[in-house]
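can you look at this prediction? I've put the sequence above it.
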Amino acid sequence: MSVDSALFHSALLALTPILLAALGGAICERAGVFNIGLEGMMLIGCFSAVAGSWFTGSAWLGVLFGALASAAYAMILAVGTITLRGDAVVLGVALNLLAVGLTGFLLRTVFGVQGTFSDPGLAGLGGIDLGFLGPVLSGHSALVYLSWAAVAVAAVFLARHPWGLRLRGVGEAPDAAATLGVSPAKYQYAAVLTSGLLCGLAGAQLALGNVTLFSENMTAGRGWIAVVAVMLGRALPVGVLLAALLFGVAEAVGFRLQGNGLPQQATDAAPYVVTLVALFLSTARRKRRKRPEPLVGASS
Amino acid sequence: MAVDSATGARSVAGRALRSPALHSVVAAVLVGALFLVGTGADPIGAYGSVLSGALGPDGIGSTLTTGTSIIGLAVALAIPMRAGLLNLGGDGQLVLGGIAAAATGLYVPLPAPLAVLAALLAGMLAGAAYAALAAVCQNQFGVPLLVSSLLLGYPAMSFASYLARFPLKEEGSSLPQTRRLPEGVELPAFGSSTVTVGLVLVVLAAAAFLFADARTATGYEIRMTGLNPRFAAYAGIEGPRLTLRLMGLSGAVAGLVGAIGVLSFPYRFIDGSLTAAGHTWTGLTAALLASAAPLGTALAALFFAALDVGGLAMERATAVPRELTQVLQAVVIVFLAARLQLTWRRARKPGPAADEPVRTEGDL
Amino acid sequence: MTPPPEDTGGTPAVELRGITKEFPGTLANDRVDLTVRRGEIHALMGENGAGKSTLMSVLYGLHRPDAGQILLDGREVSFASPSEAIAAGLGMVHQSFKLFPSFTVAENVVYAAEPRRFGLTDRAEAVRRVAALADEHGLAVDPTAKVADLPVGVRQRVEILKLLYRGARTLILDEPTAVLTPAEADGLFRVLRSLTDEGRTVLLVTHKLREVMEGSDSVTVLRDGRVAARLRTAQTSADGIAAAMTGRAVELDRMHPAGSPGEAVLSVTGLTTDAVRDVSFDVRAGEIVGIAGVAGNGQSELVEAVAGLRPVGAGRVTLTGEDVTDASAARRRATGLAYVPEDRTAVGTAPAATIAENLAMGHHRGHGLLTPGRLREHARVLIERFGIKAASSRHPAGSLSGGNLQKLVIGRELAHESPLLIVEQPTRGVDIGAIQTIHDQLIAHRDAGHAILLVSAELSEIRGLSDRVLVMFEGGIAAEFPRDEADERRLGLAMAGGAPEPPVSAEESVEEAPKESLKEGP
Amino acid sequence: AAKDDDAGKGAKGKAFTLVTPDPVAQNEFLKLAVAGVKAAATAQGGSQKVFQSSDNDSRQQNVASAVDSAPDVIALVGFEFADIVAQQAEAHPKQQFLLVDACTKKTYENVTCAVFREHEAVYLAGAEAGLLTKGKKVGAVDVLDTPQFRRYSEPFAAGAKKVRPGVTSRTLFVGGQSPFNDAARAKDQAATLASGGADQVMAAAAGGNTGVFQAAKGKGFQAYGVDANQCVGNPGVVVDNVLKKTDVAVEKGIAQILDGKGGTTVSYGLKEGGMSLTGLEPGVADSACLIAKPANKDVLQRVEELRDDIVAGKLTVDDPAA
Ligand SMILES: Nc1ncnc2c1ncn2[C@@H]1O[C@H](COP(=O)(O)OP(=O)(O)OP(=O)(O)O)[C@@H](O)[C@H]1O
Ligand SMILES: Nc1ncnc2c1ncn2[C@@H]1O[C@H](COP(=O)(O)OP(=O)(O)OP(=O)(O)O)[C@@H](O)[C@H]1O
Ligand SMILES: [Mg+2]
Ligand SMILES: [Mg+2]
């Protein structure tokens, strides 16, 4: 295996949790809900997937458990913002905070340990050997392939499925949707729950696919990167994929450079700087195409 | 909203009792008790040790020390939030302030008291300049402040870490830390406690914020911008300039907190130690909780500092993990975000999406 | 004057019996009976807040009535949601358009009733069906065009296509002509008439007496949530309807005395910006210059460019002799400009802030500390002077009714005593009493020697107040009329770009300007 | 879970408090310290408490709280306590402190230090790696690029080169937002080393070590653990472990202080039995480590010779943190 294929292999691995979470964020965004709680939902997914796998002995039941628990957790955001009309940013920040405390607390009370739970008996997601795909694409966990499928499904769903059209309409003009008998709340709930499910899968991939363990705060900012990816990818599934890919490759390349004498601090910072520059370029391009914006939004 | 100072003590008490914040705290405490009972712990004992650990004679000093940074950061993040701007890069500004103060304290050829002043100023300047950069990203490049400040935070931390580990490192130490500041280049402490003059500086910053918010034309313009940016722009308040200035101020206060951290025991910059406790997030939460109203923000920050310190004391005294207090913090906010809107909905026409920032009436 | 219901003959298409709907603090509909015969155009009239939109929302399943029955073709129905109403053959065009600006026309029309192919939206089929439907009813629309790119009149057609696509037998239109030129409105009525000829029924909410007189078969008038009159159009007059609406005789068109212009305060030369091409005009002290035009022809952009809220592409703006072309909004205000924007909630106020804080804007600098006491005192003076009905200046401005909020904005801006005042849609959504107060204040302001630039979609307002009238069409000034020559026919002609139109005969009501311009989603 | 007192109610015995710099959790190094203070309590017939910290604030608060209750000895593990102990020792001259794994700059009568020469044992692990590597490439995954962690990578390379000239080495750092706990990044770093050809990898990634071992299993390389016998939890991939006997240092240090011989610094290396490898310990046969395999007998023998040279002072290992 050449160094280059290993690089892309590990980039793909690193970006999968980000991609799954960002996909969830994108769907929320399209439905008009700003979801800044991806990090917390993902962390709940990590913990629940590990707990599920541990207690049932099946990694797949763990994945299912992670997805469901994370979706249940997402209900807090859904009820808070859609039904009670709370502020999405406040609730999202609270969810991130709550997830750290909650999983740390449960780690101690459920597993009786602190910091990290790992055990040889913990069932993880194995790699699937799809030799015909070549060294970069083969050998990942099923969730990695599922994430690619999810991008395709989400792209087709949003662009071509009637429900996707309705969801986008809800995000763009909720009262217009309501007058045609489409309940914005229903679609927004569905979007937030879907993002919960996807974040749960992201967490499961991180905790049972990338590694096989749970450790406190193991998402380590990946959910925030997902938020950025939603913005950079303009909430389009393929855009989000490209944004996550950019971040994953920047990080993997950074790792390689570390061995070649670049200080660790520089390689740590690299993916964020690259992402920021990409944001500059994409907004600059958008700006150039658009006419000057009014300082006060015109209404006519 | 402008705090009405003319209200009598009775109505203050009445308002506090009716305040959604208080209700949320009570609800969170009840949820926490359920948790405790569920895990077989004694809620009364646990909460008792939180209280005595945070506010008892042995704990109050720690609460005020922790409070210094949490209040400082809460105020720092509340300043732009008052105008509806979310600064998510507090960690980076904090750390840059710390490392700038350390470098100044180590190298500035001034007598000790002046060196302290120089270090504080350097910290504020570094934080301000870096936060302003995030504002420039929004104003010039159209990258939303929330994202630009968040993304800029990481390289700042890496840069400070690099300085602490290479150019400024203490030779022979196995910790990634700078040398200790010269003798006397430190903030005086109160008696034998860990509470330093830093607390006074932070309280002064909070007081200045309170005064500016409630009594000055600029504070008024900031509030109006937060409540309706289009209204502010229509009235001639220049959003981008305000963003730049508020972010500069915000970064300056965050940098001040970093400088205070470095000028307090152990009088050096230790990589990661300013951010490890997560005070930036706690401060942000406090500001969000109080809708960035100055007094409420400071009180919420002090409340969280007490929870933080009390949680550790509870862990020492009982078998209950300190994460419980972190859960309490988050539950308070979840309840408040939801409850606030319940009181709020009556007053306004239902809109399609919940995209306006939450505002409370007055302070906590 | 509540005559017994008309003898209708045959089952009515729509029958509402005893509909009651209460909002917290407001009895919006109070035992309302309404009967609409099949194949007729039935107009529903009434002042602001009379309960018209609420009644239509109840019929359409958007609101649940507290009491009462709904009968369609004689059968009692009960709708939990608009989709059930749609399924029962109802369709509604709302007061403000409910369209998805980034979608195509076809997507807007088939939304929530999409043709499918292999489970996915069949876009080709959608375009085909919409094209066919448009053809059949003579509604010229390109199904593949993006709605955001379409002019207002065409968007109206899209709304109607939405109803026809869903097979609506009864069409409800809430103020459909508020944003149309007289010619476009006539076109709309031709379409509506052809629909009723096919046996469909039209229920129309409008404030324009001319349309009611010319286009409707019968009229129901609401006042304070109750039915005030049921009339056959052929047997009544415009004055009669107006009296039924207000409960008193109304002076429908008031003309104010002319002003005595002095020096030019505002000079605009060759101004070009988004949607505005090469516009030049002056406004002089002691003069009101009215800008008429159908919404979307550049009026808002022009005003924003003058107020410093939109960058100027080319041209020059001079204010009290000073070149302010590139000056900031703050600088222009300091030089001598006050401005009442058309959207009082989104732009003109911070509804969550207190009334006192809203009144302080612009008056808040240069007096030292802003104590709450000083804010309240300032508020007290303005509240008194402009007759704003508010319980306390400490309440949020959002708790004021629309008319009082408008008085707040106008009062605050008048109090600046700036040489130039720009007012946009000063009486939109404001009822008749408030309109007269506001008009009187504007005239007094002018007579005190200030220059006023007035933008209004309401021709009677333009004609009643202006010393000179400019007509904007497609970003340029299409015509200028001195006060005496600005009659409805000429203005209407110029607003439509000079296209020939039938002469206008009936009077138009004074009390209502279009409630909402086309404000589309994010 | 903080309190761990099995006595202290009325008993007149000695009292000891251990303050950790981080949560004990799965941190093998800290677990050993806890074992040490427990052993001391048993040996001295006293009681013990453990306060766990997580950041500088909580470290200070825990030490202050420990000082308030004035136990016979306050034991602290980790270099993070150097400043705090110096401050508290000066303020409370009667209180005895045992600082393990670090020392204050100045010496205090009431501060006893125990430091380790990790590099000696890491060097031996490196020698094993040098003898075992097939592709002549070894590597290390460190938490952060700090002098302390370089003690786990540079001597590893030096040991490998000593026994096998021409061996190349490479070190990668976990870094990121949660460096001590990011098993996913640690795993990725280890996999990167492996795809670069390294077949022997030192795992000094703290909580991330699990990730390194999981990578070893997946990529088929061999790894070296730290602090505890990590072979057990990761059968078939761990060759040996660098053992830092914190328990010994804590127990001995407490005894030393109670004997009135405090105020000194004791350095623990191979010679003092404070550093070791699992392979050099008595129970090696049951350790589940690869080094215990009969095939690796020669390797072990060579390593024992090197150990003897170091103990005898014939061979010195460079200390990267010096
Ligand atoms: N959702 C609501 N909640 C509370 N009050 C409402 C609501 N909708 C309407 N109202 C009130 O009900 C009354 C009737 O309003 P409605 O919108 O039906 O009036 P309208 O006749 O359509 O007026 P306009 O001519 O201004 O459109 C008003 O007082 C209004 O403020
Ligand atoms: N959607 C709504 N939700 C809650 N309250 C509403 C709503 N709409 C209107 N109101 C309240 O109903 C009252 C009447 O509002 P409305 O705007 O209809 O006033 P109005 O009768 O038109 O008065 P004005 O003549 O001043 O315009 C006001 O107090 C307003 O705050
Ligand atoms: Mg209406
Ligand atoms: Mg009204």
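Good, I have the coordinates. Numbers count the residues shown, from 1 in each chain, chains lettered A, B, ... in the order given. Ligands and ions are numbered 1, 2, ... in the order given.

past the helix or strand hosting C:R331, which element shows up next along the chain?
Assigned by DSSP states H and E, C:R331 belongs to helix C:329-336. For helix C:329-336, the following helix or strand on the C-terminal side (DSSP H and E) is strand C:337-340.

who are the packing partners of that following strand?
helix C:299-307, helix C:402-414, strand C:420-424 (3 or more Cβ pairs under 8 Å, 6 or more residues apart in numbering or on different chains; DSSP states H and E). (Glycine included, C-beta is placed from N, CA and C.)

contact partners of it?
For strand C:337-340, the external contacting residues (Cβ atoms under 8 Å, 6 or more residues apart in numbering or on different chains) are B:234, C:303, C:306-308, C:319, C:333, C:348, C:362, C:409-410, C:413-414, C:416, C:418-424, C:426.

lowest confidence element among the helices and strands of the chain?
I'll assume chain A. In chain A, the helix or strand scored least confidently by mean pLDDT, DSSP states H and E is helix A:134-137, which has a mean of 74.

look at chain C instead
Per-SSE averages on chain C (mean pLDDT, DSSP H and E): minimum helix C:238-246, a mean of 78.

mind listing the strands for chain D?
Remark: strands assigned in chain D by DSSP state E are D:15-20, D:47-52, D:73-77, D:96-100, D:111-116, D:137-142, D:168-173, D:200-204, D:222-226, D:238-244, D:265-268, D:275-277.

out of these, which is closest to A:G92?
For A:G92, the closest of these is strand D:47-52, at 30.1 Å, according to Cβ to Cβ.

and the least confident helix or strand of chain A, what does it pack against?
Identification of packing neighbours for helix A:134-137 by 3+ Cβ pairs under 8 Å, 6+ apart yields helix A:3-30.

so who does C:I452 touch?
Going by Cβ under 8 Å, 6+ apart, C:I452 touches C:V283, C:E287, C:I288, C:V289, C:L420, C:L421, C:I422, C:V423, C:L442, C:H445, C:R446.

do stretch B:302-317 and chain A meet at all?
No: with Cβ under 8 Å from any Cβ of the partner chain as the criterion, chain A is not reached by stretch B:302-317; the gap is at least 9.8 Å.

before we move on, the earlier item: tilt between the helix holding C:R331 and strand C:420-424?
Orientation note: helix C:329-336 sits at an angle of 130 degrees relative to strand C:420-424 (axes from the mean of the first three to the mean of the last three Cα atoms, to 10 degrees).

up against chain D, what does the stretch 201-300 of chain A have?
Residues of the stretch 201-300 of chain A lying near chain D by Cβ under 8 Å from any Cβ: A:206, A:210-213, A:215-218, A:220-221, A:252, A:255-256, A:258-259, A:263-265, A:267-268.

do that again at 10 Å, thanks
Proximity of the stretch 201-300 of chain A to chain D, by Cβ under 10 Å from any Cβ of the partner chain, involves residues A:205-207, A:209-222, A:224-225, A:251-252, A:254-256, A:258-260, A:263-265, A:267-269, A:271.

could you give the mean pLDDT of the longest helix along chain B?
When chain B is parsed with DSSP state H, its longest helix is helix B:112-141. Across helix B:112-141, pLDDT averages out at 96.

anything in that helix near chain C?
No: on the criterion Cβ under 10 Å from any Cβ, helix B:112-141 is out of touch with chain C, staying 14.4 Å away.

and the helix or strand following that helix, how far out from the chain middle?
Remark: after helix B:112-141, the chain's next helix or strand is helix B:145-165, criterion DSSP H and E. In this view, helix B:145-165 has its centroid 18 Å away from the chain centroid, taken as Cα atoms, centre = their mean, to the nearest Å.

so which strand or helix has whatever residue of chain A ends up closest to chain C?
Closest residue of chain A to chain C, Cβ to the nearest Cβ: A:G181 (2.6 Å). For A:G181, there is no host helix or strand (DSSP H and E).

ranges for the helices of the stretch 251-364 of chain B?
B:279-289, B:294-317, B:323-345 (DSSP state H, counting those that start in this stretch).

okay, those, which one's buried deepest?
Of all these, helix B:279-289 has the most neighbours on average by mean count of other Cβ atoms under 10 Å in any protein chain shown, namely a mean of 28.

tell me how far the residue in chain C sticking out farthest from the centre lies from B:Y47.
Most distant from the centre of chain C: C:F118, at 43.3 Å, with distances by Cα atoms, centre = their mean. Plainly put, C:F118 is 61 Å away from B:Y47 if you go by Cβ to Cβ, to the nearest Å.

what do you get for A:F255?
For A:F255, the distance to B:Y47 equals 46 Å [Cβ to Cβ].

of those two, which one has the most company?
A:F255 (26 against 19; other Cβ atoms under 10 Å in any protein chain shown).

picking up where we left off before, so what does the longest helix of chain B touch, helix or strand wise?
Helices and strands touching helix B:112-141, by 3 or more Cβ pairs under 10 Å, 6 or more residues apart in numbering or on different chains; DSSP states H and E, are helix A:264-289, helix B:60-81, helix B:90-107, helix B:145-165, helix B:197-215, helix B:239-263.
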